[in-house]
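Enquirer: Sharing a model prediction with you, sequence too.
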Amino acid sequence: MSLPRTLQELPELGDWCILSGYRGSISHGTYMENNPHWTDLKEVIGIVLPPRDYYYGLKEYSSRWFEEGEWGIQVYDLQRAIQELLKCNSEYLCLLWLEDNLYIRRTGRGEMLLDNKSLFIGKHIYENLVHWARIQLEEWEPGHRPDYGGMKRRILVERFGYNTIDASRLIMLLRMMCIELMISGEINVMRQDAQELMEVKRGEWSLGQVKDEIRRLLVKSEDALIASKLPEKPDREKIHRLCLEISR
């Protein structure tokens, strides 16, 4: 699996990049290429440090999205990436826990982030995801107007009665971030339950099964939170010093 040459030549994936790897379905082992309803994007995520004149001059850099054919690439500069980590952005949290063979570029500065990844986890992650899960359950109640969020998702809702992509992702995140992480302090990005998650993506679960599983996971998540030994929230001062050290 290799990026198109035009994307490989981007400075965001070359000299500017301190850490990059696969994200989304490739990183979770749930990539689906020949589904009759859609083909997953092959996605890459990265963290960059642009040249100094982007920080001291009039040039600006925060984030970029590149797309070509079946490929999509999201990159943030270091400060924006750390802000996203502090906001519990699951994609950037997963970047710090990838399997070794799923990293594309790892520099010394990137290793500093990986060595300090535990700074970014805490019980605060639970609230964001549980809030999303409860909102989603409400939106699946009869009479609620569905939020399609694009043509691909409209097709799924019309075919299966619910957004199978979002349902699969929500189940995965509840298991990964609200149960496993709370108990072990680790993020299991490559999923042992990948086949089951793909069943949900393909629409093989009824909406009733999906809702029952999410309710079950919410109960388990609360139990995991109570038992968790993670800190309440990240130590922003330590993260601030880490950001300074990497930037220098």
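Expert: Looks like it arrived, so ask away. Numbers count the residues shown, from 1 in each chain.
Enquirer: low-scoring stretches of this protein, by residue?
Expert: Within the chain, the segments meeting pLDDT under 70 span 1, 34-38, 143-150.
Enquirer: what's the longest helix in it?
Expert: The residue-count maximum for a helix in the chain (DSSP state H) belongs to helix 207-227.
Enquirer: Tell me the buried residues in the following helix or strand past that helix?
Expert: Proceeding N to C from helix 207-227, the next assigned helix or strand is helix 236-247, under DSSP states H and E. Under the neighbour-count criterion of 16 or more other C-beta atoms under 10 Å, helix 236-247 has 239, 242-243, 246 buried. The C-beta positions use only the backbone N, C-alpha and C, and glycine is treated the same way.
Enquirer: any chance of those residues in JSON lines, with distance to residue 128 too?
Expert: Output for the buried residues of helix 236-247, formatted as JSON lines (distance: C-beta to C-beta, whole Å):
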{"residue": "239", "distance to residue 128": "18"}
{"residue": "242", "distance to residue 128": "22"}
{"residue": "243", "distance to residue 128": "22"}
{"residue": "246", "distance to residue 128": "25"}
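Enquirer: which of those residues lies closest to residue 106?
Expert: residue 246 (13.3 Å; C-beta to C-beta).
Enquirer: Go ahead and flag the most central residue of the chain.
Expert: Nearest to the geometric centre of the chain sits residue 91, at 2.1 Å (C-alpha atoms, centre = their mean).
Enquirer: where does the spatially most distant residue from the centre of the chain fall, phi/psi-wise?
Expert: Taking C-alpha atoms, centre = their mean, the residue of the chain most remote from its mean C-alpha position is residue 57, at 32.0 Å. The phi/psi pair for residue 57 (degrees, to the nearest 10) reads phi -100, psi -150.
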